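Participant: Using only what follows, build the 3D model:
(chains A and B)
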Amino acid sequence: MASTLLAWINRRFPFTSFVRNELTDYPVPRNLSFWWNFGFLAGFVLLLQIVSGVFLAMHYKPDVNLAFDSVQHIMREVEYGWLIRYLHSTGASAFFAVIYLHMIRTLYYGSYRAPRELMWWSGQVLLLLIMATAFMGYLLPWGQMSYWGAQVITSLFGATPMIGEELVLWLRGDYAVGDATLNRFFALHYLVPFVLCVMVLIHLVALHHVKSSNPSGIDLAAKDNIPFHPYFTIKDLFGMVVFAVMFFAVVFFAPETFIEEANNVPADPLQTPPHIVPEWYFLPFYAILRAIPDTLGGAAAMTVSVLIFAAMPLLDRSSLPGGARYRPVYRAMFYLFVMDVLVLGYLGTQAPEAWVVVVGRVATIIYFSIFLLLPWVSKIEERWLRRRGLPTALQATMASERRQKASGV
Amino acid sequence: MADTDEADAGRRDFLTTTTTIIGAAGAAAACWPFVVSMNPTPGVRAQGAASLPLDGIPPGAIRTVAWRGKPVFVFHRVPEQIAKADSSQGGKDPQPDAERVQDAAWLVVVGLCTHLGCVPNKTADGWLCPCHGSVYDNSGRILSGPAPRNLDIPPYTISADGTLMIG
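Facilitator: As a prediction, the model looks like this:
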């Protein structure tokens, strides 16, 4: 009976072959470490955000007079409303944590390089969409931080030459962030995740075409690949359990960690809180914005600091496989970059005193220098490594790749 | 005109090109209503006026009044503050104090930092923006920090009976 039904379907829709090719028998390199778990986790968090968000929307009211109270209503009166809200607010931070780790993996192992440029770029689009969604969602509770965060970020568009003022007025639909702004942010906050899902699909189609990268940095032949199921279904689910333990520890025991105290005060358009900070995931970019003593320059530098990641496949001109693993100079730059981002993140939390501005400028220069020097550094490093003689392990890896390509396996 | 089965390639190209251009223009035009629907509505634009009686504000005190959803600082300056403001041209956006006030005792400025729109906090010598550290003097002129301009001055009048009308 079941097999008859399956045969009926398979004549009309490639169900069995799709499941086999893309899920159960999909070939995955056997040497993936836990660093290759984060794509799956990002998908899980996206699902969590969409489900919790849809249920929040059943109780939320996007109106300046009702929004703050409706969130309190969710927290106090809706059954398990507190849980759904904390899942959603913690989920936003978890999303960025997972995405940033996913990006760090890509940068360390050079997974952005050919033939995976479109994966990297579709990932960059995903990052921008997630940032936009998070920013718009943050306005919805209509607390002080919500309000002033939106006020500052929409004001950034005022730095656009010529049309800045009209552009801000159009974005807000009001002279200051107001009812029109709240309503449209709610509409778009609900919409963009579905656009995001389409982009995720594109990201996955590209992945299944080029297959996963792996720590060795070479394309492995069929003999070094193993089927996705059961090996990686188990590995990904194990990673998900580890993630869930940490995630629910925050949700249940420290749910206010990622909610600024000032956001428990209703928005007041006439009074900025004494110290405003963005959410942690925007801090490094915020520090770059503050480091530039000019509105347009600051806004431009902040935009470029996010977009510049997309240039990595063009900037990295080394042909050695394995990313930072076999490239000591690139590795040093990688760790310098990570530390620099952490310093910028810390500076983003500090009030704009003189030393914060000075250190912020140095860190900003380092941030951009690492990207802009990479074309030369990667070339010189490769020449130096080849002259010095590549490590035997790397030579063996490269030789095996050549053999496999020649034999057409 | 003789019947022929041969296609006129030039005419096809012309038709394809014009259809594409007109179709694209039509699609772009169809976006317009959606784009302008996001503009402020007449109701929002009409919130153009606010008034405040000045007689209740003692010298040295400041009142904040909402105008178009934005805070407007109404600052009753004391003579020393006026003299100090008069003696300088401000910072990177120089302007004499006299050009920024109608009555030297009353400074009326939009209370949003010209950098990214936070509300600056009052200090002894002016204002300090808590967001990115822009410093303004008691004439609302930018002294240091990332803000590009002095605090904006809204259109306003002060009537004979001492009522401030903004807008």
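Participant: what residues go with each domain of chain A?
Facilitator: Structurally, chain A divides into domains by automatic domain parsing as follows: A:36-149+A:179-218+A:227-266, A:277-409.
Participant: Tell me where chain B has helices.
Facilitator: For chain B, helices defined by DSSP state H occupy the ranges B:9-36, B:42-45, B:79-86.
Participant: Please spell out which residues along the shortest one are buried.
Facilitator: Of the residues in helix B:42-45, those buried under the neighbour-count criterion (16 or more other Cβ atoms under 10 Å in any protein chain shown) are B:V44. Quick note: C-beta positions are derived from backbone N, CA and C, even for glycine.
Participant: cool, stretch B:27-45 as well?
Facilitator: Buried, per 16+ other Cβ under 10 Å, within stretch B:27-45: B:40, B:44.
Participant: which outside residues touch it?
Facilitator: Here stretch B:27-45 makes contact (Cβ atoms under 8 Å, 6 or more residues apart in numbering or on different chains) with A:169-175, A:178, A:180, A:184.
Participant: Determine how far the last residue of that stretch lies from the first.
Facilitator: 29 Å (Cα to Cα, to the nearest Å).
Participant: which two of the contacts of stretch B:27-45 lie the greatest distance from each other?
Facilitator: A:Y175 and A:R184 (15.1 Å; Cβ to Cβ).
Participant: any chance of the contacts of stretch B:27-45 in CSV, plus distance to B:A49?
Facilitator: Converted to CSV, the contacts of stretch B:27-45 look like this (distance: Cβ to Cβ, whole Å):
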residue, distance to B:A49
A:L169, 18
A:W170, 23
A:L171, 24
A:R172, 20
A:G173, 20
A:D174, 16
A:Y175, 13
A:G178, 17
A:A180, 20
A:R184, 26
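Participant: For ChimeraX, what selects the buried ones among these?
Facilitator: Restricted to buried positions by 16+ other Cβ under 10 Å, the ChimeraX selection for these reads:
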select /A:169,171,172,173,174,175,178,180,184
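Participant: Of the contacts of stretch B:27-45, just say which sits nearest to B:D137.
Facilitator: For these, the closest approach to B:D137 (Cβ to Cβ) belongs to A:Y175, at 25.3 Å.
Participant: ok, that closest one - contacts?
Facilitator: Contacts of A:Y175 (Cβ under 8 Å, 6+ apart): A:169, B:40, B:44, B:47, B:68-70.
Participant: three-state assignment of it?
Facilitator: Secondary structure assignment for A:Y175 (DSSP: H, G, I helix; E, B strand; the rest coil): coil.
Participant: which bits of the stretch 251-400 of chain A sit near chain B?
Facilitator: A:269-276, A:290, A:292-295, A:298, A:351-353, A:357 (Cβ under 8 Å from any Cβ of the partner chain).
Participant: which residue ranges form the helices in the stretch 151-300 of chain A?
Facilitator: Taking DSSP state H, counting those that start in this stretch, the helices of the stretch 151-300 of chain A run over residues A:164-172, A:179-210, A:228-253, A:283-291, A:295-307.
Participant: Single out the most deeply packed of those helices.
Facilitator: Per-stretch averages of neighbours, counted by mean count of other Cβ atoms under 10 Å in any protein chain shown, single out helix A:283-291 among these, with a mean of 25.
Participant: How about the contacts made by the residue of chain B found nearest chain A?
Facilitator: The minimum distance from chain B to chain A, using Cβ to the nearest Cβ, falls at B:G133 (3.4 Å). Contact analysis of B:G133 by Cβ under 8 Å, 6+ apart lists A:290, A:351-353, A:357, B:145-146.
Participant: Just the terminal-to-terminal distance for stretch A:64-80.
Facilitator: 24 Å.
Participant: what comes into contact with that stretch?
Facilitator: A:56, A:59-61, A:81-82, A:84-85, A:140-143, A:178-179, A:182, A:266-267.
Participant: Quick one, which of those are buried?
Facilitator: A:56, A:60-61, A:81, A:84-85, A:140-143, A:178-179, A:182, A:266-267.
Participant: Please identify which pair of these lies farthest apart.
Facilitator: Among the buried ones among the contacts of stretch A:64-80, the pair separated by the greatest distance (Cβ to Cβ) is A:I84 and A:G178, at 27.3 Å.
Participant: Quick check: which element contains A:V28?
Facilitator: For A:V28, the host element (DSSP states H and E) is strand A:27-29.
Participant: ok, then the element right after that strand?
Facilitator: Past strand A:27-29, the next helix or strand by DSSP H and E is helix A:38-57.
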